[in-house]
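> Build the 3D model from these lines:
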Amino acid sequence: MMETGSRRRTCLLLLLLITIPVLLVIAAAAPLSSQQQAASNKGLKTATFRSPAFELEPGSVANKYFYNLGFPKGHIAVKGFDAEVVDEAGNSIPLHETYLHHWLVGRYYVLKGGADEARSGYISAGNAGFCRGLPQYFGLGSETRKTDTRVPDPYGIEVGRGEDIPEGYEEGWLLNLHAIDTRGAVDKLGCAECRCALYNVSVDDKGKALEKGYVGGLACCYDGTRCRVNATEAAGRGRRRRLYLQYTVTYLNWDSSIRPLKIYIFDVTDSWNMTTPASQGHHCKIEFNVDSCSAQLPNNDELCIHTRTAISSLPIGGDLIYGVAHQHTGGVGSALYGEDGRTLCSSVPIYGKGKEPGNEAGFIVGMRTCYPQPGSVKIAKGEKLTIVSNYSSTQSHTGVMGLFYILVAEPLQQTDGAVNPMYGIWGLLALCGVAVLLVGAVLVKRSWGRKDGYESLIA
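Numbers count the residues shown, from 1 in each chain. Alright, predicted model coming up:
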């Protein structure tokens, strides 16, 4: 009897010794997941460009549109886009000298050989949604230096795909840059918030009279306008100077291991709701004002919060891969919620505490970003989403924004087509191997337990 038990244990041990190497071979031979493939890709590249120059003097405003922007060529996956304002020598310009209201980079198609001056040969190639006035692929504001724009593996923002470009056209990139020189300004925050009284304007950039009650926003600080400055102070702080948006694109050459992402931008001023007819679409005002509550709630910062909300939904569901909000000075945070109330992403501002570029006191110098574990945060097709943007209302603010930018990966079956059958084969073999190991381990345990006089833990 003892001899039979000994032979059984020997056989089981041999089975284990044979199975383990087999499993190791299977694991080594199994195809890499796309995430592993992307992580092992050594082809990550960076390219740094400068926009055409724009000129500013104390109090002046530049709101420029630059076409044919420098950008990496070919079919690529963008993995990051970082930018800042610099001078001719490449020095970073602080926000308390030049306030970067926003920069937006969008994609378009243009007729080969160029288009006419009316730009009739251009076709916008915007993001996946939702606001007509927000078609950009990339864009930030004062928070640009400390906001992470990295796209995690195995994902990328796909551009330059030949099948997407209409015949006879080529891909191009556009920059809209809005900057305000606040050197010597009598009210730096007021100039940055485009308060109409400080700009002494009564019509917008098209010559149309401002709406009654319009006290501040983009309609008062368009290209060529000038905010009120202290002439003596302005004269002592510098003259007209040439500046640039310097930006770095991080990218990979596209390959099948990379999963494409869709860009969605939500706006809390959007009036769309779940019953809005599809033909009406989304109506986004982009900016709004925050009234002060200090008169009603003096010295109570916690209760002086202005909340703005909007709802939306995705036409195609998927995994949330990245999220970040955009707010102006006074912002205290923003969030995106699912239909069941779960928090999909929360993004709060980082305020500066010093004078150096990237840490300017009183300014939002960064926004916290969301990087969920891939596949852990899912958004269903048509799911009701709620966007919330909170501002401190201890003082009034004009022309603020409440945007939310997300990157979504569609379900694998929708992006990659049929699943590779080899994955199923390797998975089945591995599963069988694990089962053999478990059975063997149990039998050995039972055999050893009985031999040593102890009751087996598994009946």
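
> only C-alpha atoms for contact and neighbour calcs from this point on.
Will do.

> mind giving me the domain ranges of the protein?
2-31+427-451, 37-415 (automatic domain parsing).

> Buried deepest among those, which one?
domain 37-415 (a mean of 18; mean count of other C-alpha atoms under 10 Å).

> With mean pLDDT as extra columns, can I get the domains of the chain in a markdown table?
Formatted as a markdown table, the domains of the chain follow (pLDDT from 0 to 100):
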| stretch | mean pLDDT |
| --- | --- |
| domain 2-31+427-451 | 43 |
| domain 37-415 | 94 |
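
> now the strands for the stretch 351-459 of the chain?
Secondary structure of the stretch 351-459 of the chain (DSSP state E, counting those that start in this stretch): strands at 364-367, 378-379, 385-392, 397-401, 403-409.

> possible to save those strands as JSON lines with distance to residue 331?
Putting those into JSON lines (distance: least, C-alpha to C-alpha, whole Å) gives the following:
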{"stretch": "strand 364-367", "distance to residue 331": "8"}
{"stretch": "strand 378-379", "distance to residue 331": "26"}
{"stretch": "strand 385-392", "distance to residue 331": "4"}
{"stretch": "strand 397-401", "distance to residue 331": "9"}
{"stretch": "strand 403-409", "distance to residue 331": "11"}
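
> so which of the ones you listed comes closest to residue 109?
In terms of C-alpha to C-alpha, the element of these nearest to residue 109 is strand 403-409, at 22.4 Å.

> Return the distance of residue 264 relative to residue 113.
Residue 264 sits 32 Å away from residue 113, taking C-alpha to C-alpha, to the nearest Å as the criterion.

> my bad, should have said residue 330
From residue 330 over to residue 113 (counting by C-alpha to C-alpha), the distance is 46 Å.

> Repeat that for residue 340.
Using C-alpha to C-alpha, residue 340 is found at 52 Å from residue 113.

> ok, now residue 273?
Residue 273 is 43 Å from residue 113, where distance means C-alpha to C-alpha.

> Residue 247 belongs to a strand?
Yes - looking at residue 247 with DSSP: H, G, I helix; E, B strand; the rest coil, it is inside a strand.

> doesn't residue 232 fall inside a helix?
Yes - judged by three-state DSSP, residue 232 forms part of a helix.

> beta partners for residue 109?
residue 123, residue 171 (DSSP bridges).

> does it really touch residue 174, like I thought?
No - with contact defined as C-alpha atoms under 8 Å, residue 109 does not reach residue 174; the gap is 10.4 Å.

> ok now do the closest residue to residue 106 other than its chain neighbours, which residues does it touch?
Distances taken as C-alpha to C-alpha, 6 or more residues apart in numbering put residue 136 closest to residue 106, at 4.2 Å, once the chain neighbours are dropped. Contacts for residue 136 (C-alpha atoms under 8 Å, 6 or more residues apart in numbering) come out as 104-107, 126-127.

> And for residue 83?
144-145, 245-248.

> May I have the beta-bridge partners of it?
Under DSSP bridges, the beta-bridge partners of residue 83 are residue 247.

> Quick check: phi and psi on residue 60?
Main-chain dihedrals, residue 60, degrees, to the nearest 10: phi -80, psi 160.

> And the nearest residue in space to residue 374 that is not next to it in sequence, which helix or strand is it part of?
Distances taken as C-alpha to C-alpha, 6+ apart put residue 321 closest to residue 374, at 6.2 Å, once the chain neighbours are dropped. Using DSSP states H and E, residue 321 falls within strand 318-326.

> Also residue 266?
With DSSP H and E as the test, residue 266 turns up in strand 262-267.

> Following element in sequence after that strand, please.
Following strand 262-267 in sequence, per DSSP H and E, is strand 287-290.

> Can you name every helix or strand that that next one contacts?
When contacts are defined as 3 or more C-alpha pairs under 8 Å, 6 or more residues apart in numbering; DSSP states H and E, strand 287-290 packs onto strand 397-401.

> mind checking which of the strands of the stretch 351-459 of the chain is nearest residue 46?
Nearest of those (C-alpha to C-alpha): strand 403-409, 20.8 Å.

> Please work out which residues outside the closest one touch it.
With C-alpha under 8 Å, 6+ apart as the criterion, strand 403-409 contacts 155, 259-268, 286, 318-327, 334, 336, 387.
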